Structures are given as C-alpha cells and as structure tokens.
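[1] next comes the sequence, and after it the predicted model I'd like to discuss.
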Amino acid sequence: MVGEVRIRLVGADAGRGLIGWSLRDIEGTELDGLSTTRSDRQPPAERPEHANGVTALDHVVAITPALGRTVVALRGAGLDLRRIREEPTPAGAPRQAFFRLGATILEVVQEPPEAIERAGGDRPAFFWGLAFAAPDLDDTVAALGDQVGQIRPAVQPGRRIATLRRSAGLSLPAAMITPTRGGPQ
C-alpha cells in the first residue's frame, strides 16, 4: 500500500512495467490502450509510511503518440482533465495532459515526433512510470543510496525529484518527488 493506492506485484512472468490498473468511479474502461478494470473496493483505511519515507503515489505516467485521441478517451471514461501543458518537457515531449485521480495524478505525455516516427503513430497509449511522494526527499535518497540519482529541480515549480537507477532492478521507471503544497503526504 502506498498512500491510498494498492500496488500488486505479479512477478516477471506477467510482463514488464505497469501492466494494468483498477480505478474507482469511472464510466468506462476503454482508455486508449491503458489496460483498465473497474474497482468497487474502498480506499485503504490505513496509509502507512514506508521505511524509505514514501507516503503516497504522486503520479502515474502514460505515453501516447496521439495526445488528443487519448484525452478524448480518458474524458469519455469520466476522468477529470485538469489541464494541458503546451510546452516541451526536458525530455522533448511537446505536450502533456493531467488528470486528477483522487490524490494521484495521471500525467499523459505526448511522444516527441522522432519517437512517433520510429515506432509509428497508430499505437495506443501505454503506461510508462510512477512517481512516489517523499516528504523528506533528502532522507529518502540517502536511504536508497546508490540505487537513486541526484536530487534535481522537478518540472513543477518548487518541487524536487530523484529518479531510481536501472540498477534498482525495477521493471519500469520510478522516481521520488517532494509533495505538492497541500498535496499527498
């Protein structure tokens, strides 16, 4: 359990990365390729802090070659579009859309043109990575040692982030980020 999110690890035989999710209070499960089921479970009553200092799942990152198509699908399922960011990310993605899912955000990143050209633009959206809230990011990074990179400013003003290295052995990109002011603790 991480904050109000239950994470189920299913093992390497099930696939790599985030292979699916369950959401409460959605109108549909056709989310442009994001494998989704409907959940009727209540959020966990207890929200323990992990030994590494992580207290919540801050955001889930999905990537799409067609941001407009994916946004239409997500809104059609009842997800709450908060904004579309129309400026490039440090990694070169031209646009992003942000959806509120309770305390967690779904960040949908449009692939850069060169990535679309390499892989094709007719592909569905796919899950890419996770960012966990760590209120004392310095302590969390110290606890993780050489499994995590340097702390750096996040794209979001006033926040800081550190990314887990491949040597941590995860099957998807993961980062720790300071919470938003008044956000998940």
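    Cool, the structure landed. Residues are numbered from 1 along each chain as shown.

[2] CA atoms for contacts and neighbours, from now on please.
    Noted.

[3] helices or strands up against the longest helix along the chain?
    Secondary structure of the chain per DSSP state H: the longest helix is helix 67-76. Counting contacts by 3 or more CA pairs under 8 Å, 6 or more residues apart in numbering; DSSP states H and E, helix 67-76 packs against strand 96-101, strand 104-110.

[4] avg pLDDT for the shortest one?
    If you average the pLDDT over strand 96-101, you get 94.

[5] run through who's touching that strand.
    For strand 96-101, contacts defined as CA atoms under 8 Å, 6 or more residues apart in numbering pick out 67, 71, 79-86, 105-110.

[6] again, 10 Å this time
    Residues outside strand 96-101 that contact it (CA atoms under 10 Å, 6 or more residues apart in numbering) are 23-26, 59-64, 67-68, 70-71, 74-75, 79-89, 105-111.

[7] the residues you listed, buried ones only, as a PyMOL selection?
    In PyMOL, a selection of the buried entries from the contacts of strand 96-101 looks like this (16 or more other CA atoms under 10 Å):
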select buried, resi 23+26+59+60+61+62+63+64+67+70+71+74+75+79+80+81+84+105+106+107+108+109+110+111
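
[8] next SSE after the worst-scoring helix or strand of the chain on mean pLDDT?
    In the chain, no helix or strand scores lower on mean pLDDT, DSSP states H and E than helix 113-119, which sits at a mean of 87. Note on helix 113-119: by DSSP states H and E, the next helix or strand toward the C-terminus is strand 126-133.
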